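**Student:** Have a look; sequence and predicted model below, questions after that.
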Amino acid sequence: MGARHALVTGGSGGIGAAIARGLSRAGVAVTVLGRNTARLGAIVAAGDAAFQVEADVTDEAAVASAIAAAEARLGALAILVNGAGAAESAPFARTTRSIWDRMIALNLTATFTVTQAVLPGMLARDVGRVINIASTAGLTGYPYVAAYVAAKHGVIGLTRALARETARSGVTVNAVCPGYTETELLMQSMAKVAQRTGRTAAEVRASFAAANPQGRLVAPEEVAAAVLFLCGPDSGAMTGQAIAVAGGEVM
């Protein structure tokens, strides 16, 4: 892929860390952005990223400062992976306005904020790849996570709108939509379900895996592989796509 510069938000663990590692191994200079300084530092120390910047993606000023620092260190950004996100669960009747606002801010508005900071430079140089890490929740509905589902549907809509807007440029905009993926965040969610329902950890894991027709959880590296393809030279005709990495759960 050559000596290009990529920014991966939510890069301190899980899917984001796997994407950073994959891009780095492909020869891309990667900046990881997140809030956990120690975890970001460990990723850089392991050689899975070249630089780290600390910022809350819901803070527009902090994002602008972090991007400026990254570009000053490693040059103009050619790849943006919007990987920051989180899910909170509650029945719709008990979904408070604060839950709603947090889910929209982190999963949708932050994608808008970071992309708006990076995209003009890509368009000026007529080259770039924007990949939004959405979710199968952006392609279908799930109970008890209405705010998260709404936010991820918004990410897919934003992806499609920007793809049309940039279609005649050298920039592509796509989304990757993982199903349940074996990350620390999912493990924490499964632990909460086990505690709330009285089921064993194995029973809860099996129920999550059953959502995937292949009967398993997705590996973060499988999500990263889809991102790497979209960053590559042979993906220029792919834009506005929402690619499910979910074992056939969504078609």
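**Tutor:** That came in fine, so what should we check first?

**Student:** what's the longest helix along the chain in contact with?
**Tutor:** Of all the segments of type helix in the chain, defined by DSSP state H, the longest one is helix 146-165. Here helix 146-165 makes contact (CB atoms under 8 Å, 6 or more residues apart in numbering) with 82, 87-89, 92, 95, 99-100, 102-104, 106-108, 111-112, 115, 119, 130, 132, 134-135, 137-139, 141-142, 172-175, 177, 239-242. (Each C-beta comes from the backbone N, C-alpha and C, glycine too.)

**Student:** and what of stretch 49-59?
**Tutor:** Outside stretch 49-59, the residues touching it (CB under 8 Å, 6+ apart) are 8-11, 20-21, 24, 29-35, 37, 40-41, 43-44, 62-63, 65-67, 69-70, 73-74, 84, 105-106, 109-110, 113-114.

**Student:** cutoff 7 Å now
**Tutor:** For stretch 49-59, the external contacting residues (CB atoms under 7 Å, 6 or more residues apart in numbering) are 9, 11, 20, 24, 29-35, 37, 40-41, 43-44, 62-63, 66, 69-70, 73-74, 84, 105-106, 109-110, 113-114.

**Student:** From those, which land in strands?
**Tutor:** Among the contacts of stretch 49-59, the residues falling in strands (DSSP state E) are 9, 29-34.

**Student:** Now the buried members of the contacts of stretch 49-59.
**Tutor:** Buried by 16 or more other CB atoms under 10 Å: 9, 11, 20, 24, 29-34, 40, 43-44, 62-63, 66, 69-70, 74, 84, 106, 109-110, 113-114, out of the contacts of stretch 49-59.

**Student:** in the chain, which spans are helices?
**Tutor:** Here the chain has its helices, by DSSP H, at 14-25, 37-45, 60-74, 97-104, 110-125, 146-165, 184-197, 201-209, 220-231.

**Student:** For Val250, which of these is the nearest?
**Tutor:** Proximity to Val250 (CB to CB) singles out helix 146-165 among those, at 11.5 Å.

**Student:** In JSON lines, list the helices of the chain along with distance to Glu249 and mean pLDDT.
**Tutor:** As requested, those are exported to JSON lines (distance: least, CB to CB, whole Å; pLDDT from 0 to 100):
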{"stretch": "helix 14-25", "distance to Glu249": "16", "mean pLDDT": "97"}
{"stretch": "helix 37-45", "distance to Glu249": "29", "mean pLDDT": "97"}
{"stretch": "helix 60-74", "distance to Glu249": "32", "mean pLDDT": "98"}
{"stretch": "helix 97-104", "distance to Glu249": "21", "mean pLDDT": "98"}
{"stretch": "helix 110-125", "distance to Glu249": "22", "mean pLDDT": "98"}
{"stretch": "helix 146-165", "distance to Glu249": "14", "mean pLDDT": "98"}
{"stretch": "helix 184-197", "distance to Glu249": "15", "mean pLDDT": "84"}
{"stretch": "helix 201-209", "distance to Glu249": "11", "mean pLDDT": "91"}
{"stretch": "helix 220-231", "distance to Glu249": "13", "mean pLDDT": "98"}
